[in-house]
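Visitor: Need a 3D model of the following:
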Amino acid sequence: MSFRRKLGIIAFVSFMTFAIDQIIKILVVQNFPAGIPVPVIGDFFRITLIFNPNTAFGISLGENFPYTLVAGAISVLVLIMALMENSVWNIIAYSMILGGAIGNIFDRIMRGEVVDFIDMGIGENLRWYVFNGADAFITIGIIMLLAEGIVAHFRDRSRT
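Guide: Modelled structure (predicted):
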């Protein structure tokens, strides 16, 4: 696959991922109260707007930890990995990770914190951390890469 085609796929998928993430975040910030869970599918799926100054899952790595710098460096590595790929599936997966990372970096630069709002779980004690669309795209991209790795492993084993 040509470098130009790879770059086109990366740019398109990353931009769409970023745009979807930011549009949803804007809509949530404008239409939902901060910190108050709003049921969407009963208690299982709620919109709970929070502003997260920390890293993934609300884990704090210290007040002065350079979250944006680290996320930027990882994003550059993900871009390089995408450009080294020949599989369209993997290029799309890396691009979703890249677009999601850029969405969260954009939040940190523009707001000083990340907008999170997807609140899933059962009751109050069995809930996942509140996350956002960018986090979901990053997770989907990682799952796609893992799935491709598993399929490739079994494909290679069946050839021997």
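Visitor: okay but M1 is in contact with N86, surely?
Guide: Yes. Counting by CB atoms under 8 Å, M1 touches N86, with 5.5 Å between them. C-beta here means a position set from N, CA and C on the backbone, and glycine is covered the same way.
Visitor: For those two, indicate the residue with more neighbours.
Guide: Set M1 next to N86 and count neighbours by other CB atoms under 10 Å: M1 wins out with 11 against 8.
Visitor: Show me what secondary structure element comes after the lengthiest helix in the chain.
Guide: In terms of residue count, the longest helix belonging to the chain (DSSP state H) is helix 3-31. Next helix or strand after helix 3-31 toward the C-terminus (DSSP states H and E): strand 38-41.
Visitor: quick one: buried residues of that following strand?
Guide: Within strand 38-41, no residue counts as buried by 16 or more other CB atoms under 10 Å.
Visitor: by contact count, what packs against that strand?
Guide: Helices and strands touching strand 38-41, by 3 or more CB pairs under 8 Å, 6 or more residues apart in numbering; DSSP states H and E, are strand 45-52.
Visitor: picking up where we left off before, mind listing what's buried in the longest helix of the chain?
Guide: By neighbour count on 16+ other CB under 10 Å, the buried set for helix 3-31 is 6, 9-10, 13-14, 17-18, 20-22, 24-25, 28.
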